[in-house]
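**Student:** model the following, please.
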Amino acid sequence: MAAVVLACKAAVAVLLITAGGAKLADLRAFAASIRLFLPVRSAPWRAVAAGLACGEAAAGAASLSSPQAGWLNLAVLAICAGLAAVSAVGYARHPGQPCRCFGSLSERGFGRGGIARSAIIAACAAVAVIPVRPSLLRLGSGDRLGLLAGAALLAAAAYTAAAAVGAGRPA
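**Tutor:** Presented below is the predicted three-dimensional model:
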């Protein structure tokens, strides 16, 4: 069972890092998606989008590099539950509008498939909350730094891929 819990934890962390990095490549489009949910007209939408994308990537990187932090599992679960709620509300209020969940890497709009995918991710995050033996989570400082470096590379790769895909699309 511990292998399943740790696999879910790693998978969700990698998804958060990738999604956050990809969103940073096109903050204008991600900000437009955020505006669908908030009635405030004059807000610093790109700053809000940047904060959410960075927070998502940071939560994933922290979760990946500090698997023993139980409170972090709950924070990641809350993030994933929030993303599932956004998916459901987006489908109810703005079906077909692009969600930009993975920045320019996804052209999918709010729909049933997105709700199902986000529910699966939230379920994986819920599994990741299950405690495992502390001896399975023991990482040294070098291990943590290596995982953080890997997370940074993953975010940079997602950013680069999303920027390249976005550059090929008409504005």
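**Student:** and the contacts of the lowest-mean-pLDDT helix or strand in the chain?
**Tutor:** Least confident helix or strand, the chain: helix 27-35 with a mean of 90, by mean pLDDT, DSSP states H and E. The contact list for helix 27-35 (C-beta atoms under 8 Å, 6 or more residues apart in numbering) reads 23, 45-46, 48-50, 52-53, 97-100, 103-104, 166. Just so you know, the C-beta spots here come from the backbone N, C-alpha and C atoms, and that holds for glycine as well.
**Student:** may I ask which two of these are separated the most?
**Tutor:** Using C-beta to C-beta, the pair of the contacts of helix 27-35 lying farthest apart is Ala50 and Gln97, separated by 20.7 Å.
**Student:** narrow the contacts of helix 27-35 to just the buried residues.
**Tutor:** Buried members of the contacts of helix 27-35, counted by 16 or more other C-beta atoms under 10 Å: 23, 45, 48-50, 52-53, 98-100, 103-104, 166.
**Student:** now name the helix or strand holding Ala163.
**Tutor:** For Ala163, the enclosing helix or strand under DSSP states H and E is helix 141-167.
**Student:** show me the contacts for Arg133.
**Tutor:** Contacts of Arg133 (C-beta under 8 Å, 6+ apart): Ala2.
**Student:** now the residue of the chain most remote from its centre: how far from Gln68?
**Tutor:** Most distant from the centre of the chain: Ser135, at 27.6 Å, with distances by C-alpha atoms, centre = their mean. Look at Ser135 and Gln68: by C-beta to C-beta, to the nearest Å, they are 10 Å apart.
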